[in-house]
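1. A structural model of the following input is requested.
(2 chains)
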Amino acid sequence: MTFNWDLVWSSFGPIVGGALTGTIPLTLASFAFGLLLALLVALLRLSPNRVLSAIARFYVSVIRGTPLLVQLFVIFYGLPSLGVKLEPWPSAIIAFSLNVGGYAAEIIRAAILSVPKGQWEAGHTIGMSGTQTLLRIILPQAARVSVPPLSNTFISLVKDTSLASLILVTELFRNAQQIAAFSQEFMVLYLEAALVYWVVCLALSTAQSALERRLDRYVAH
Amino acid sequence: MSPTDPVDASLVLSARGLTKSFGSNTVLRGIDLDVRRGQVVALIGPSGSGKTTVLRSLNGLEVPDGGTVAFGASAGSPGGKDLELDFGGAVGKRDIAALRDRSAMVFQHYNLFPHMTVLKNVTEGPVQVQKRPKAEAEADALRLLSRVGLAEKRDAYPFQLSGGQQQRVGIVRALALKPQLLLFDEPTSALDPELVGEVLSVIKELAEEGWTMVIVTHELGFARHVADEVVFMDGGVVVERGPAAEVLGAPQQERTKQFVKRIQHEV
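-> Numbers count the residues shown, from 1 in each chain, chains lettered A, B, ... in the order given. Modelled structure (predicted):
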C-alpha cells in the first residue's frame, strides 16, 4: 500500500477543524451540563428522602444500562414522533449531558461519601448550615478525590462524541468519514482521525496531572 | 482573650432529663447538667457511659429524644433564659442553629479542614457564619494563634502540623467563635503521649482566664487540677457529681471508686 501524503495534508485542515469546531465544543458543553446534572443527581441520591433517592437511582440505572448510541437515537430520531424535533447539535448535547450525568453522579456521590463525617460536624460546630458545609467544606475535598475518575469520564466523552456523526453533527469523525468516502482512502483518513483524537486526549491527560498536583497541595505525600 | 469575669453563680447552661437511644441501645437515661459561668465541668466515665453523647447533644451534633437544654445569663431562672429547647417536642433546624451559636466543640480527632490553611481554618466561622469583617477576624485569629504559639504556622496546612499543633489550632478555631461555652471531646485521646502536655496546658490557661467549659476526658489528674466539678457517668446516668477533689479523691459510690481506681492503675 502506498501512503497518499497529499491527501494527508489536504485532509488535515478539515479534520483538525472538525475537532476545533465540533468535537471539542461538544465535549466541553456536554461535560459542563453533565457535571451540574451529576452533582444534582448525586445529592438526590444521598438525600434522606426515599422518593428523591429512588428517582436518582432509577436515572443512573437507565443511563448506565443502555447504550449511548441508543440514547442518542432516541433523542434525535425518536422524539420527533412525540412532536419534539431537535437539531443535531442540541440533540447531541442533551444526550451526552444526560449520559455524563448518570456516570459522573456515582463518582461524585462516592467522593462526597469519602469525606469523613467529622468534617460535616466541624462545619456544623462553627455554625455552618448544611448547604454551607457542603459547598465550603465537603465539595472542595470531594473534588480532589473525584478528579481522576472524572477525568476518565471526560476523556471517554471526547471519543464518544464521534457517535454524534451518526446524527449528522459535523465534527472530527464525520469530516474524516466524508473525505474517506469521497477519496476511498479509508486507512489514511481513519488513522489520521485516530491520531487527532489521541493528541487531544494526550493533552487532556497532561492537564489532568497538573490539576491533580494542584489539588494535592494540602495532603501529605 | 475574654471573658475574664470572675466565677459567679449564674447558670450558663441548664440541661434536664436528656434521653437518647440509638436504635435499641439506650445511651442517655435522663441526664441533668448545670454549668455556671466560668466553671469547668469534667465529664468522666467508662466508654459507652454516654458522656460524649451528652457533650454532642449540647452542640446539636446529636439530637436527644427527650429533655430540655436552656442557655442564658441565668439559665436556671424562668426569666433568665435566652434559649430553651424541649427535645420532647418538635426541634427544627433553627433551634439547632441557635444551640450551636452558644457553644463550640473541640474534637478528639481535631477535624481541621484539610484544604484550608491554619488561618483560614480559624477565620472560616467568624467570616462565613458570623459575617465579621475579614481583616478583624484575621487579626483576632492571629492574636489567638500567637497565644498558643502557632502564629508562624498561619499559612501552613493541617497535614504539616503535629497532632498537638493541630489540636491547638482546633482550640483556637473554637475560641474564635467567641462562644458562651467551650466543649472538649477527649481532646488529648488521639495524641502521642509526649504531645498531651502542650494541649492540656492550653486548656488549663483557658480555665484560668475564666472560659466556661465542659470537658470529656480520661485524664483524671488533669480533671482534678482544672475542673471545678466532676460528673461521673455510667450506663447513661450520672452516678456521682461534686467538686473534683471529692469525686476523684474520695468517691462515695462503688462504681466511681472502681472506675477511679482502674484508671489510676493504668496510669
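2. any idea how far B:Q130 is from the residue in chain A positioned nearest to chain B?
-> In chain A, the residue that lies nearest chain B is A:I126 (3.3 Å; C-beta to the nearest C-beta). Just so you know, the C-beta spots here come from the backbone N, C-alpha and C atoms, and that holds for glycine as well. As for A:I126, its distance to B:Q130 is 9 Å (criterion: C-beta to C-beta, to the nearest Å).
3. more neighbours: which of those two?
-> Neighbour count, other C-beta atoms under 10 Å in any protein chain shown: between A:I126 and B:Q130, A:I126 has more, with 27 against 14.
4. show me what the helix or strand that contains B:Q165 is packed against.
-> Using DSSP states H and E, B:Q165 falls within helix B:163-175. In terms of contacts (3 or more C-beta pairs under 8 Å, 6 or more residues apart in numbering or on different chains; DSSP states H and E), helix B:163-175 is packed against strand B:103-106, helix B:118-124, helix B:134-147, strand B:181-185, helix B:193-209.
5. contacts for the first one, please.
-> Around strand B:103-106, the neighbours that count as contacts under C-beta atoms under 8 Å, 6 or more residues apart in numbering or on different chains are A:121, A:125-126, B:55-56, B:58-59, B:61, B:125, B:167, B:170-171, B:173-175, B:177, B:179-185, B:187.
6. give me the number of residues near residue 38?
-> Picked chain A for this. By other C-beta under 10 Å, neighbour count at A:A38 equals 26.
7. was after chain B, sorry
-> 21.
8. please apply the same query to the one 4 residues further on.
-> When counting by other C-beta under 10 Å, one arrives at 26 neighbours for B:A42.
9. and it, what pLDDT?
-> Looking at B:A42, its pLDDT reads 96.
10. which element is it on?
-> strand B:40-44.
11. can you list contacts of that strand?
-> Outside strand B:40-44, the residues touching it (C-beta under 8 Å, 6+ apart) are B:33, B:35, B:51, B:54-55, B:207, B:212-218, B:220, B:223, B:226-233, B:244, B:259.
12. on that earlier part again, list of residues touching the helix holding B:Q165?
-> A:125-126, B:1, B:104-107, B:110-112, B:118, B:121-122, B:124-125, B:141, B:144-145, B:147-150, B:153, B:158, B:161, B:182-183, B:187-188, B:190-192, B:195-196, B:198-199, B:202-203, B:206, B:211.
13. and with 6 Å instead?
-> Contacts with helix B:163-175, where a contact means C-beta atoms under 6 Å, 6 or more residues apart in numbering or on different chains, come from B:104, B:106, B:110, B:112, B:118, B:121-122, B:144-145, B:148, B:150, B:158, B:182, B:191, B:195, B:198-199, B:202.
14. any chance of a PyMOL selection covering the buried ones in the residues you listed?
-> Typed into PyMOL, the line below selects the buried ones among the contacts of helix B:163-175, using 16 or more other C-beta atoms under 10 Å in any protein chain shown:
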select buried, chain B and resi 104+106+110+112+118+121+122+144+145+148+150+158+182+191+195+198+199+202
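15. other residues contacting stretch B:11-31?
-> B:32-37, B:50, B:53-54, B:57, B:64-71, B:74-76, B:180-181, B:212, B:236-237.
16. who's in contact with B:V129?
-> A:127-128.
17. residues in chain A within reach of chain B, list them.
-> With C-beta under 6 Å from any C-beta of the partner chain as the criterion, chain A meets chain B at residues A:118, A:121-122, A:125-128, A:137, A:140-141, A:218-220.
18. for the closest residue to chain A within chain B, which non-adjacent residue is closest in space?
-> Closest residue of chain B to chain A, C-beta to the nearest C-beta: B:G125 (3.3 Å). Nearest residue to B:G125, sequence neighbours excluded (C-beta to C-beta, 6 or more residues apart in numbering or on different chains): A:I126, at 3.3 Å.
19. can you say which helix or strand has residue 214 in it?
-> By default, I'm working from chain A. Going by DSSP H and E, A:R214 is in helix A:186-215.
20. you answered for a different chain; I wanted chain B.
-> Counting by DSSP H and E, B:V214 is part of strand B:213-216.
21. kindly export the helix or strand following that strand (C-alpha atoms) in CSV.
-> For strand B:213-216, the following helix or strand on the C-terminal side (DSSP H and E) is helix B:220-226. The C-alpha trace of helix B:220-226 is given here as CSV (Å, rounded to 0.1, in the frame of the first residue of the first chain):
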residue,chain,number,x,y,z
LEU,B,220,-8.2,12.2,85.7
GLY,B,221,-5.1,14.0,87.0
PHE,B,222,-5.9,16.9,84.7
ALA,B,223,-9.6,16.9,85.6
ARG,B,224,-8.6,17.1,89.3
HIS,B,225,-6.3,20.1,88.6
VAL,B,226,-8.6,22.0,86.3
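22. residues from the stretch 101-250 of chain B in reach of chain A?
-> Counting by C-beta under 6 Å from any C-beta, the stretch 101-250 of chain B sits next to chain A at B:104-105, B:109, B:111, B:113-115, B:125, B:129, B:157, B:159.
23. between these, which sits nearest A:V158?
-> Nearest to A:V158 among those is B:H115, at 28.8 Å by C-beta to C-beta.
24. then that closest one would be within a strand, right?
-> No: read with DSSP: H, G, I helix; E, B strand; the rest coil, B:H115 is coil and lies in no strand.
25. and it, what does it touch?
-> A:140-141, A:218.
26. need these in JSON lines (columns: pLDDT and secondary structure).
-> JSON lines is the format used below for the contacts of B:H115 (pLDDT from 0 to 100; DSSP: H, G, I helix; E, B strand; the rest coil):
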{"residue": "A:P140", "pLDDT": "94", "secondary structure": "helix"}
{"residue": "A:Q141", "pLDDT": "94", "secondary structure": "helix"}
{"residue": "A:Y218", "pLDDT": "78", "secondary structure": "helix"}
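27. what ranges do the helices span in the stretch 1-150 of chain B?
-> B:51-58, B:93-102, B:118-124, B:134-147 (DSSP state H, counting those that start in this stretch).
28. again, but for chain A
-> A:5-18, A:24-46, A:50-65, A:68-73, A:88-114, A:117-125, A:130-133, A:139-160, A:172-183, A:186-215 (DSSP state H).
29. find the least confident helix or strand in the chain, judged by mean pLDDT.
-> The chain I'm using is chain A. helix A:5-18 (a mean of 88; mean pLDDT, DSSP states H and E).
30. looking at chain B here, not the other one
-> The weakest-scoring helix or strand in chain B, judged by mean pLDDT, DSSP H and E, is helix B:254-266 (a mean of 87).
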